[in-house]
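Undergrad: Build me a model:
(one chain, ligands or ions: 1)
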Amino acid sequence: MSLTDLTFGDKVKPVAIERFKGEEGTPDVIGLMSSKIKASFTHYDPRTGYFYCFKGECCQNLGLPSVRYILPVVQYTLLGKANDLANLDYGAPITLKYLSLGKESYEKLKVKWDLNGDLTHKDLLVICDDAGYQKLSFEVLQAKESKWRSDPALLQQVKELANDYKLLIDLSVARNVTVDKMLELLAAPIEERPNTRQSKPAPARQAPRLAPSSQVSHSQPAQQALPGSPPTGPAGAAKQDDFDFDSIIDNP
Ligand SMILES: [Zn+2]
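TA: Now for the predicted structure:
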């Protein structure tokens, strides 16, 4: 990464992919981009931020990792009121984000999938039931095709953003740390937080760019069975391959 030319007034965004975050009382509209789902096994501590479980001292120090289901989504801008589902007005500008779902929200989405079939060609209204824990519910919008696929300009935009997405998604969800780095971070005192009721900071903001050498043992945790709950999602078990944006975007 080097310096980027800007014209005065231009704004740039951080390189990490943002996590989708719902707010209570403010519905959002998203489209699922892929039927492939990833599981993340992460630990969180105020001193380390989110980092991927490497099955060792991390679990001994911080307990079992938490499991999240990671799904790539297009988030639209809601242009009108959200009370009339049949005539919902939404569209550009769009952002590519990732959904990070706990078991409960994931199972709610799975129910919608079972009732409606493949949801990767549908747009979804997302209701946030609890912003702190990001508990989400979903309503399937019954258009024939999701807006980002049916609008050529949006489709083009998604295609352009998808490559960066694939490169950055791993680092955006959590960071990879070595045992030594983890122990070093955990040795530091916990900073007093002025507002302890605040929800955990978004992992996206905590994902620094890491040297490739630090990307270790990330593949191990996802290959183990989920504690007490084997993945039963639309795509079956969590996969280690890339989200298959290419096949989905090119052969809708
Ligand atoms: Zn661990």
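Undergrad: For stretch 165-172, the averaged confidence score.
TA: Computed over stretch 165-172, the mean pLDDT rounds to 89.
Undergrad: Please compute how far that stretch lies from its chain's middle.
TA: On the basis of Cα atoms, centre = their mean, to the nearest Å, stretch 165-172 sits 10 Å off its chain's mean C-alpha point.
Undergrad: Averaging pLDDT per element, find the lowest-scoring helix or strand in this protein.
TA: Every helix and strand of the chain was ranked by mean pLDDT, DSSP states H and E. The lowest is helix 219-223, at a mean of 39.
Undergrad: Go through stretch 153-169 and flag the buried ones.
TA: Neighbour counts using 16 or more other Cβ atoms under 10 Å place 154-155, 157-158, 161-162, 165-166, 168-169 of stretch 153-169 among the buried residues. C-beta: built from backbone N, CA, C; applies to glycine.
Undergrad: Going along the chain from the lengthiest helix in the chain, find the next helix or strand for me.
TA: Ranked by number of residues, the top helix in the chain under DSSP state H is helix 152-173. With elements assigned by DSSP states H and E, the helix or strand that comes after helix 152-173 is helix 179-186.
Undergrad: Next one: that following helix, is it in contact with the ion?
TA: No: Helix 179-186 does not reach the ion (Cβ under 5 Å from the ion); its nearest approach is 9.3 Å.
Undergrad: Which strands or helices does that helix pack on?
TA: Contact analysis of helix 179-186 by 3 or more Cβ pairs under 8 Å, 6 or more residues apart in numbering; DSSP states H and E lists helix 57-62 as its packing neighbours.
Undergrad: buried stuff in the next helix or strand after the helix it packs on?
TA: Downstream of helix 57-62, the first helix or strand assigned by DSSP H and E is strand 66-78. Neighbour-count burial for strand 66-78, counted by 16+ other Cβ under 10 Å, picks out 66-76, 78.
Undergrad: List, one by one, the residues from this structure near the ion.
TA: Going by Cβ under 5 Å from the ion, the residues of the chain near the ion are 53, 58-59, 65.
Undergrad: Quick check: ChimeraX command selecting the buried ones in the residues you listed.
TA: ChimeraX command restricting the residues of the chain next to the ion to the buried ones, with burial defined by 16+ other Cβ under 10 Å:
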select :53,58,65
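Undergrad: ok, of the residues of the chain next to the ion, which one's closest to Ala86?
TA: Using Cβ to Cβ, Pro65 is the member of these that lies nearest Ala86, at 41.7 Å.
Undergrad: Tell me the predicted confidence for that closest one.
TA: 96.
Undergrad: For it, grab phi and psi.
TA: Note on Pro65: backbone dihedrals following degrees, to the nearest 10 are phi -70, psi 160.
Undergrad: Pretty sure it sits against Phe54.
TA: No: when contacts are counted by Cβ atoms under 8 Å, Pro65 is not listed as touching Phe54 (9.4 Å).
Undergrad: So what touches stretch 98-113?
TA: Outside stretch 98-113, the residues that touch it by Cβ atoms under 8 Å, 6 or more residues apart in numbering are 17-20, 30, 40, 67-73, 119, 124, 133-140, 169, 172-173, 203, 229, 232-234.
Undergrad: Strands along the chain, start to end?
TA: 28-32, 38-45, 49-52, 66-78, 90-101, 123-130, 135-141 (DSSP state E).
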